[in-house]
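# Test case, fold it:
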Amino acid sequence: MSIKVILADDHENLRAGFRGILESAAEIEVVSEAGNGRDTVAQVSQLQPDVVVMDVAMPGINGVDATREITEIAPNVRVLALSGHNDGFFVKGMLEAGARGYLLKDVAVNELVTAVKTLSEGRIYVSPSVIDTLTYSFLSTVSELNASRKKQQQLLDEIQVKNSELERQNAELERFTYSVSHDLRAPLVTIKGFIGLLLKDIESGKGEAIQSDIKQISHATDNMATQLDELLELSRVGRLVNPPVEIDLNEMAASVVALFSDSIAKADVDVKIDQAMPAAYGDAGRIFEVFQNLVGNAIKFAKSEDASVVEIGAEESDGQVVCHVRDNGVGIQPEYLERVFNLFERLNPRVEGTGIGLALAKRIVEFHNGKIWAESEGPGRGSTFWFSLPINQ
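Sure thing, here's the model as predicted:
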C-alpha cells in the first residue's frame, strides 16, 4: 500500500524536483501539488493524504497557519515541514502548529524519502542540523531564563534592601518624633514657669527678680530657636548638596580652630593640628560642620587636672581618609559610646548644648558613605572621635 503525499511549495521547479525524489521510491505516491497554503488545506480536506510535505514560507497563508488548520481538520495527516530556514523561530512555529517533522531543503535529496517514510509510520523526523538549531535555541532560552531569574533576584534583593532601609528610616523617624516632642517641651515648661514667676514679681514690684525672670525666659527661647535651627539643618542633609570637591584638611582644621579662638583662650586649651593630613573628597561645607561639632565638643569637655589638650589629625587607611579629634578631658562611659550620636542625647545636662550636633555629624558622614564612632577608656580618660571620608570621587 503506497504512501499518499501532497507536495506544497510556491516554486514550481522545486516541486518538480521534490516530486522526482519522492517518486523514485516505489512505495510513495504524490497525489497532488499546491502552490500556496490555502490550496494545500483544501486538498488535504478532499484527498486525506498520509503526509503533507509543506514549505514554511508561502503566499496566502504561510506554512505555520496551514499546518495548524490541517491538524484541526485532519488529525491523522502528518505534516513534514520543508524549509530553507534553519532558524529556531520557524522550527518552533511549525512544531508548535502540529508538524511532525522538519527538513531543510538543502539536504532534501538525501533525507526526503526517509523523512516521509518515518512520518507515515507515526514517528517524528527532524533533520540533525535542525536538532542542533533546536538545541542551541533551547540552551539560549535556558540562558535567558537564568539571566531573567538572576535579574529578578537582584530586583528582589534591591527591594529587600529598600524595605530594610525604609524600616530603619521609619524607626528613626519614630525616635526623632519622640525626641523632638520630649526635648522641645523642656524650654516651653521653663518659659511657662518663669512667666508665672514674672507675673508674681511684677505684682510684688521686685525689680531684680523681674530682670532675672525675663533673662531666664529669653535664654529658654534662644535655646528653643537654636534647637529648631539645628533640626532644620539635620533635615537638610542629603537634600541640599554642594558639589563634591577635594578638601585640604590642614586648611579646614586651621579654619575651625580659628573659629573657636575665644573659647580656646578662655578654657586654656592647647590645640594641636597634624601638619601632614591627606586630602579628602566631599561636600566641604558639610565636612566643616562635622569638624566644627567635634572640635567644639572637645574644647568644651577638655577639662583635665593637667594641661587641657585637643588633637586634630587624619591618615589614609584602606582607601579612605580617617580623621580624628582627640581630647584628654572628662571621657565617656563605654555604654554611652554609641548613644552619644542619638538625637538630643546629652550626657551632662549642665553643659551648654542641644544634643543635636553629633546626630548631625553622623548624618553628614553617613551621607558621604563613611562611618563615625567614638572611643574612650572611661570617665576622666579623654575621648577620641573618628570619622572616615572618601579619598577621591
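
# any chance you could map the strands in the stretch 251-393 of the chain?
With DSSP state E, counting those that start in this stretch, the ranges of strands along the stretch 251-393 of the chain come out as 269-273, 280-282, 308-317, 320-327, 372-375, 383-390.

# got a markdown table for those strands, with mean pLDDT and distance to Ala209 too?
From N, CA and C alone the C-beta is placed, and that goes for glycine too. Formatted as a markdown table, the strands of the stretch 251-393 of the chain follow (pLDDT from 0 to 100; distance: least, Cβ to Cβ, whole Å):
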| stretch | mean pLDDT | distance to Ala209 |
| --- | --- | --- |
| strand 269-273 | 92 | 37 |
| strand 280-282 | 90 | 51 |
| strand 308-317 | 92 | 37 |
| strand 320-327 | 94 | 39 |
| strand 372-375 | 93 | 42 |
| strand 383-390 | 93 | 40 |
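
# okay if I get those as CSV plus mean neighbour count and distance to Asn13?
Formatted as CSV, the strands of the stretch 251-393 of the chain follow (neighbours: other Cβ atoms under 10 Å; distance: least, Cβ to Cβ, whole Å):
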stretch, mean neighbour count, distance to Asn13
strand 269-273, 17, 94
strand 280-282, 23, 74
strand 308-317, 18, 79
strand 320-327, 22, 76
strand 372-375, 17, 83
strand 383-390, 21, 73
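
# just so I know, which of the ones you listed lies nearest Val56?
Of all the strands of the stretch 251-393 of the chain, it is strand 383-390 that lies closest to Val56, at 60.0 Å by Cβ to Cβ.

# on contacts alone, who are the packing partners of the closest one?
Under the contact criterion of 3 or more Cβ pairs under 8 Å, 6 or more residues apart in numbering; DSSP states H and E, strand 383-390 touches strand 280-282, helix 284-301, strand 320-327, helix 357-367, strand 372-375.

# Tell me which of the ones you listed sits nearest to Glu338.
Across these, closest to Glu338 is strand 372-375 (Cβ to Cβ), at 7.8 Å.

# May I have the strands that pair with that closest one, each with its orientation?
strand 383-390 (antiparallel) (DSSP bridges).

# what does the strand it pairs with contact?
Strand 383-390 is touched from outside by 247, 280-282, 287, 290, 294, 297-298, 301, 317, 320-327, 329-332, 361, 365, 368-376, with contacts defined as Cβ atoms under 8 Å, 6 or more residues apart in numbering.

# so how far is the host helix or strand of Glu33 off the chain centroid?
Glu33 belongs to strand 28-34 when elements are defined using DSSP states H and E. Distance, stretch centre to chain centre, for strand 28-34: 63 Å (Cα atoms, centre = their mean, to the nearest Å).

# other SSEs contacting that strand?
Using 3+ Cβ pairs under 8 Å, 6+ apart: strand 28-34 touches strand 3-8, helix 12-23, helix 37-47, helix 108-120.

# For the residue lying closest to Ala254 once chain neighbours are set aside, which residues are in contact?
Distances taken as Cβ to Cβ, 6 or more residues apart in numbering put Ile273 closest to Ala254, at 6.4 Å, once the chain neighbours are dropped. Neighbour list for Ile273: Asn250, Ala253, Ala254, Val257, Glu311, Ile312, Gly313 [criterion: Cβ under 8 Å, 6+ apart].

# quick revisit: walk me through which strands the strand holding Glu33 pairs with, and which way each runs.
Sheet pairing for strand 28-34, assigned by DSSP bridges, gives strand 3-8 (parallel).

# Test my guess that Thr67 contacts Val53.
No - checked against Cβ atoms under 8 Å, the pair Thr67 and Val53 is beyond contact range at 11.5 Å.

# and Ala99, helix, strand or coil?
Ala99 carries the three-state label coil when classified by DSSP: H, G, I helix; E, B strand; the rest coil.

# Near it, how many other residues are there?
Applying other Cβ atoms under 10 Å, we find 28 residues neighbouring Ala99.

# Low-confidence stretches in the stretch 251-393 of the chain?
Low-confidence segments of the stretch 251-393 of the chain (pLDDT under 70): 304-305, 343-355, 393.

# one step back: out of the strands of the stretch 251-393 of the chain, nearest to Met94?
Met94 lies closest, by Cβ to Cβ, to one member of these: strand 383-390, at 59.0 Å.

# Output that closest one as CSV, nothing but the C-alphas.
Taking Å, rounded to 0.1, in the frame of the first residue of the first chain, the C-alpha atoms of strand 383-390 are listed here in CSV:
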residue,chain,number,x,y,z
SER,A,383,37.8,60.7,74.2
THR,A,384,38.6,60.3,70.6
PHE,A,385,36.0,60.8,67.8
TRP,A,386,36.8,59.2,64.5
PHE,A,387,35.2,59.5,61.1
SER,A,388,36.0,58.3,57.6
LEU,A,389,35.7,60.1,54.3
PRO,A,390,36.3,59.2,50.6
